[in-house]
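Peer 1: The amino acid sequence is not available; the structure is as follows:
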């Protein structure tokens, strides 16, 4: 230290009334420490400035439409301030749907994937007309070629019975056809004939028709026919398995004098079969006092039902 500076400090000591002044060496050490602090503060400021520049560059990169850089690994996301409400993030707009119908339900398949759930079978509307194909065709050995669509009753009279289900008839068609037994030569007199009818009822009414027919047979165990002096007896028989349900009954009376085998009866058979809302009736009417044979009527009844079921599909 120079002599002038030492003299100056001694003078200040005298002027300060005895107050002790820090030694020059101590003052220099304080000055050196302050300088180091200033240098460190400058370095921190430079680092902060560089960080701000980097952040600004990153923000500028995001503003150009590119994805922002991710935060450093291990940096936790800052939670929003307590009580603050952040606006919900807008969800991506979905393209407009071509249809507003609800999606078809799905079900799991064995592979674990999902497949559309079946919507179920579509119920066909009830028929309103009867095509020719709804009528059965006789077996080749039974055909005579004799057939007619002339009007007439489709059931025998049963003590004047009335059928309320007639008000539910949608359409009815009927025909008459003659048949022969296989052993009868072509061109000979037929062995019998049928009155065959098909009736469409309104939904839920066809079973009423069969119920009413059973009641009519039970209520008429015997009767006299117009223009016939004989007494006819009616009774229900085991109908067998035909269609959804069926009714079978017979009409029986002694042969007129001189007709048929002595002591034998003339027999007519009537079978009504329901398939859904359709009822087909096969009424065996004979031919010149012949008697119906159950085996023949059964076989032709099966043909009649098969034709109905094929038509209704």
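Peer 2: Good, I have the coordinates. Since the model is a prediction, treat every value here as computed from it, not as a measurement. Numbers count the residues shown, from 1 in each chain.

Peer 1: just the helices in this protein please.
Peer 2: Ranges of helices in the chain, per DSSP state H, are 3-15, 24-63, 206-218, 294-312.

Peer 1: average model confidence for the third one?
Peer 2: Translated: helix 206-218. The pLDDT scores in helix 206-218 average 98.

Peer 1: pLDDT at residue 51, what is it?
Peer 2: Here the pLDDT value assigned to residue 51 is 48.

Peer 1: how about the strands in the stretch 51-200 of the chain?
Peer 2: Assigned by DSSP state E, counting those that start in this stretch, the stretch 51-200 of the chain shows strands spanning 106-108, 114-116, 143-148, 169-179, 192-201.

Peer 1: Is the spatially closest residue to residue 294 that is not a sequence neighbour bridged to anything, and to what?
Peer 2: In space, residue 294 comes closest to residue 269 once its chain neighbours are excluded; the distance is 6.8 Å by Cβ to Cβ, 6 or more residues apart in numbering. No exception for glycine: its C-beta is placed from N, CA and C like everyone else's. Using DSSP bridges, the beta-bridge partners of residue 269 come out as residue 250.

Peer 1: closest one to residue 225 among the strands of the stretch 51-200 of the chain?
Peer 2: strand 192-201 (15.0 Å; Cβ to Cβ).

Peer 1: Now do the closest one: which elements does it pack against?
Peer 2: Helices and strands touching strand 192-201, by 3 or more Cβ pairs under 8 Å, 6 or more residues apart in numbering; DSSP states H and E, are strand 169-179, helix 206-218, strand 278-284, helix 294-312.

Peer 1: rerun at 6 Å
Peer 2: If you count contacts as 3 or more Cβ pairs under 6 Å, 6 or more residues apart in numbering; DSSP states H and E, strand 192-201 packs onto strand 169-179, strand 278-284.

Peer 1: for the chain, which spans come out with low pLDDT?
Peer 2: 1-123 (pLDDT under 70).

Peer 1: Okay, now stretch 195-206: how far is its last residue from its first?
Peer 2: Counting by Cα to Cα, to the nearest Å, you get 19 Å between the two ends of stretch 195-206.

Peer 1: list the buried ones in that stretch?
Peer 2: Neighbour-count burial for stretch 195-206, counted by 16 or more other Cβ atoms under 10 Å, picks out 195-201, 205-206.

Peer 1: and what of stretch 295-305?
Peer 2: Applying 16+ other Cβ under 10 Å to stretch 295-305 flags 296-297, 300-301, 303-305 as buried.

Peer 1: Which of these sits closest to residue 157?
Peer 2: Proximity of those to residue 157 was ranked by Cβ to Cβ; the top entry is residue 297 with 20.0 Å.

Peer 1: can you tell me how far the closest one sits from residue 197?
Peer 2: Distance of residue 297 to residue 197, given as Cβ to Cβ, to the nearest Å: 15 Å.

Peer 1: same check, this time on residue 312
Peer 2: Relative to residue 197, and taking Cβ to Cβ, residue 312 is found at 16 Å.

Peer 1: now residue 175
Peer 2: As judged by Cβ to Cβ, residue 175 and residue 197 stand 8 Å apart.

Peer 1: Check which residues of stretch 272-281 are buried.
Peer 2: In terms of neighbour count (16+ other Cβ under 10 Å), stretch 272-281 has its buried residues at 272-281.

Peer 1: cool, and stretch 251-258?
Peer 2: So stretch 251-258, judged by 16+ other Cβ under 10 Å, has buried residues 251-253, 255.

Peer 1: go on, stretch 144-162?
Peer 2: For stretch 144-162, by 16+ other Cβ under 10 Å, it's 144, 154, 156, 158.

Peer 1: List the contacts of it.
Peer 2: Identification of contacts with stretch 144-162 by Cβ atoms under 6 Å, 6 or more residues apart in numbering yields 174-178, 180, 190, 197, 216, 220, 223, 281.

Peer 1: can you put these in JSON lines and add distance to residue 239?
Peer 2: Output for the contacts of stretch 144-162, formatted as JSON lines (distance: Cβ to Cβ, whole Å):
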{"residue": "174", "distance to residue 239": "21"}
{"residue": "175", "distance to residue 239": "23"}
{"residue": "176", "distance to residue 239": "23"}
{"residue": "177", "distance to residue 239": "22"}
{"residue": "178", "distance to residue 239": "25"}
{"residue": "180", "distance to residue 239": "26"}
{"residue": "190", "distance to residue 239": "26"}
{"residue": "197", "distance to residue 239": "17"}
{"residue": "216", "distance to residue 239": "15"}
{"residue": "220", "distance to residue 239": "18"}
{"residue": "223", "distance to residue 239": "22"}
{"residue": "281", "distance to residue 239": "12"}
